[in-house]
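Asker: Could you look at this predicted model? Sequence included:
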Amino acid sequence: MHEETLKRALYEVLEDTGKRKLVARAVRQALVVLILINIVLAVLETVPEVRDFLGTHLRLVQLGSGFVFLIEYVLRLYVADLHPPLRRYGPIGARLRYAFHPDAIIDLIGALPLLFVLFLPNQAVTIVVILRLMRFLKLARYSPALRSLISAVAGERKALLGSTMIIAGVILLSATLMYLIENDDQPEKFRSILHGIYWAITTVTTVGYGDVVPVSNLGKMVGSFVMLMGYGLIALPVGIIASAFAREIHSRDFVVTWSMVARVPLFEDLTATEIAEVSKLLQAQSVKKGGIIADQGDVADRMYFISTGEVEIKLPHDTVYLGEGSFFGELALINQTRRTAKVTAYSDCQLLVLEVEALQQLMRRDESLAKKIMAEARERALAGKKVLGELAEEELEQAGVFASIDEMEQEPKLFEDDDPVAAKDEKPDEAKSDEGAPDDDTPGKG
């Protein structure tokens, strides 16, 4: 049991899941710093003066870093069978499949320099230098933006291949024309089409080294036309990658936002479309470390989702810390009372805010959505859900806090004084009642 607990803890720290967010963040930042140090040292080690002056220290740092990367690789392989997609393959099958995953291969590349230095100290100098510099690839694991860029390039590979073919065709055509035009005037520089390709590449890419230039009037005209085409041709792949990257970032942010909203008990029974409608109501808010998000005594009229950072909630009898991916303030959507806790940013935070007024307007527009939210609120009230201060049970569990029953109170009802669905349901009944009741002023009565 102790071994399983330790294994689970290692998995949560290495993969940045579960409740060990602070430890996982510290380990991630330490590994990123170590990777950057290794890259800098690998470059400096190629300078003879630096190598002669700090040779022993550089080797010790490289050996120590190699041991760290090797231990990291072994530990990731050890906890590989805890990954949800790999569990069904068993301990050995899961580890074998994980070993061939791109992230695992990059981790292995980061550990290989140590193995080469220990077992082939003299025969693998060049390979070790290359592998040390390839540790830069490990940054992709810790950089969501870099992973999104790689994903965008992979997703647009067909369009990029098409634009590359167009550029290659223009280069080949312009090199052939320049060979035919300039071969007589410059036989040493345009001896073949292959020599013309060098000129075409430097011209199309707008680099223009100037070591090979046309001298005939016709050659200058062709060269001018190729230079102008170069701007448009280079813009093709740049535009494809830029639009794909922006789309990838937008999709990732939407999925993250959608998943956070879907975790809120009040919205868990909504359809994907309805959750997306609620997600559109969210507003971004940035709060610096130490900034007040909500003060005690303020009207609780909004709930918060934590995109990045960590917040501190000081309850009357406890202090709760919530990190990235958590939410709080759901009760603000249920009953707008005065806040009993002070909420501050424990670190720089990016928040998404859902205001009560915006949700109520959406519920007034969409009756079916309003009925689902109301039904969920009533079910929770009937189930005897409890609250501590202004945090519901689910919000406390995010931080690993389980308050005693004596400290907790009954959860209030949703929109107790302002029920948009009830208001809609009552109006037809009132109208029917008015229609069926006799009118005292109607002529002919009696």
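Answerer: Good, I have the coordinates. Numbering: from 1, shown residues only.
Asker: In this structure residue 20 contacts residue 12, no?
Answerer: Yes - Residue 20 lies in contact with residue 12 (Cβ atoms under 8 Å); the separation is 4.8 Å. To be clear about C-beta, it is placed using only N, CA and C from the backbone, and glycine gets the same treatment.
Asker: so how far is residue 308 from the spatially most central residue of the chain?
Answerer: Centroid-nearest residue in the chain: residue 144, 5.0 Å away (criterion: Cα atoms, centre = their mean). Plainly put, residue 144 is 10 Å away from residue 308 if you go by Cβ to Cβ, to the nearest Å.
Asker: With residue 362 instead?
Answerer: Counting by Cβ to Cβ, the gap from residue 362 to residue 308 is 26 Å.
Asker: Between these two, which has more neighbouring residues?
Answerer: A direct count of neighbours by other Cβ atoms under 10 Å for residue 362 and residue 308 places residue 362 higher, at 18 against 13.
Asker: Which neighbouring elements make contact with the helix or strand in which the more buried one is found?
Answerer: Per DSSP states H and E, residue 362 falls inside helix 356-365. Other helices and strands packing on helix 356-365, by 3 or more Cβ pairs under 8 Å, 6 or more residues apart in numbering; DSSP states H and E, are helix 272-279, helix 331-334, helix 367-382, helix 420-436.
Asker: And it, what's buried?
Answerer: 356, 358, 359, 360, 362, 363 (16 or more other Cβ atoms under 10 Å).
Asker: Just give me the closest of those to residue 259.
Answerer: Distance to residue 259 across those (Cβ to Cβ) is lowest for residue 359, with 18.6 Å.
Asker: Not counting its neighbours along the chain, what's nearest that closest one?
Answerer: Among residues not flanking residue 359 along the chain, residue 333 sits closest, at 6.0 Å (Cβ to Cβ, 6 or more residues apart in numbering).
Asker: Equivalent analysis for residue 109, please.
Answerer: Residue 109's closest residue in space is residue 134 (Cβ to Cβ, 6+ apart), at 5.3 Å.
Asker: What is the burial count for that neighbour?
Answerer: Residues near residue 134, counting by other Cβ under 10 Å: 16.
Asker: Check the gap between it and residue 90 for me.
Answerer: 31 Å.
Asker: what do you get for residue 116?
Answerer: 32 Å.
Asker: so residue 213 sits in a helix?
Answerer: No - counting by DSSP: H, G, I helix; E, B strand; the rest coil, residue 213 is not found in a helix; it is coil.
Asker: From residue 233, how far out is it?
Answerer: Counting by Cβ to Cβ, the gap from residue 213 to residue 233 is 20 Å.
Asker: Compare these two (neighbour count), which wins?
Answerer: Neighbours per residue (other Cβ under 10 Å) separate residue 213 from residue 233, with residue 233 holding more: 19 against 16.
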